[in-house]
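**Q** sequence unknown, structure follows:
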């Protein structure tokens, strides 16, 4: 019996047809490591654990990646409040999350990368976006130019005008458009930073956005 899944792009349930059978790649956005895991984290982990198990049961070779966002404004804020190094705080919650996953009997993903392990890759991607005129540097930050990407919001069934209504509330002067969001943020005094070619910037802005 073939596997049917819901296709967000078409809005229909369709027969699952991987690009390179029997190989399947599964990527799941993991936690931001500034606090204990909560019920929402557990739900997401269990849901995709079921997907992982079903695909393996059907004979697929699954490469399952679930990341840890181990550098973020929330992490730095919590570390400052606790008066502890941000790396130590992030690692503590990585270990705490792993313990919860073990208690839930969730299978370990193939890989669990940390965001800080891929700073170079993020910088390279941002450079490509800048070259394609999809991103711009301003005020030491780098922003994604949402209106330059015609299908932005398509998978989430969001229209630009609907997104714009909420974005106006958080308008920042350095943005060219209220819809634009930070890909890379300038480091504040005392914050960790990574050198970036051509621009003295700091933190990576790791965001979940509807593409």
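**A** Now that the structure is in, tell me what you want to look at. Because the structure is a prediction, the values reported are computed rather than measured.
**Q** run through the residues that contact residue 41.
**A** By CB atoms under 8 Å, 6 or more residues apart in numbering, the contact list for residue 41 reads 31, 97, 100. C-betas here are computed from N, CA, C, even on glycine.
**Q** surely residue 4 and residue 13 touch.
**A** Yes - the pair residue 4 / residue 13 is scored as a contact, 5.1 Å apart, by CB atoms under 8 Å.
**Q** now do the contacts for residue 89.
**A** Taking CB under 8 Å, 6+ apart, we find residue 89 in contact with 33, 34, 75, 78, 79, 82.
**Q** and what about it, helix, strand or coil?
**A** The assignment at residue 89 comes out as helix when based on DSSP: H, G, I helix; E, B strand; the rest coil.
**Q** distance of it from residue 23?
**A** 37 Å (CB to CB, to the nearest Å).
**Q** what about the residue lying closest to residue 174 once chain neighbours are set aside, how many neighbours?
**A** Closest residue to residue 174 apart from its sequence neighbours, by CB to CB, 6 or more residues apart in numbering: residue 139 at 3.7 Å. When neighbours are counted by other CB atoms under 10 Å, residue 139 registers 13.
**Q** and the gap between residue 139 and residue 98?
**A** For residue 139, the distance to residue 98 - CB to CB - is 38 Å.
**Q** now do residue 15
**A** Distance from residue 15 to residue 98, counting by CB to CB: 35 Å.
**Q** looking at these two, which is more packed in?
**A** The residue with more neighbours, out of residue 15 and residue 98, is residue 98; 15 against 9, by other CB under 10 Å.
**Q** three-state assignment of the more buried one?
**A** Put simply, residue 98 is helix when judged by three-state DSSP.
**Q** next: the one 3 residues further on.
**A** For residue 101, the reduced secondary structure class is helix; criterion used: three-state DSSP.
**Q** do residue 152 as well
**A** Relying on three-state DSSP, one would call residue 152 coil.
**Q** burial count for it?
**A** When neighbours are defined as other CB under 10 Å, residue 152 has 20 of them.
**Q** how far away is the closest residue to it other than its chain neighbours from residue 134?
**A** The shortest distance from residue 152 to any non-neighbouring residue, by CB to CB, 6+ apart, is to residue 146 (5.2 Å). As judged by CB to CB, residue 146 and residue 134 stand 9 Å apart.
**Q** out of those two, which sits in the busier spot?
**A** Between residue 146 and residue 134, counted using other CB under 10 Å, the more crowded position is residue 146 (21 against 15).
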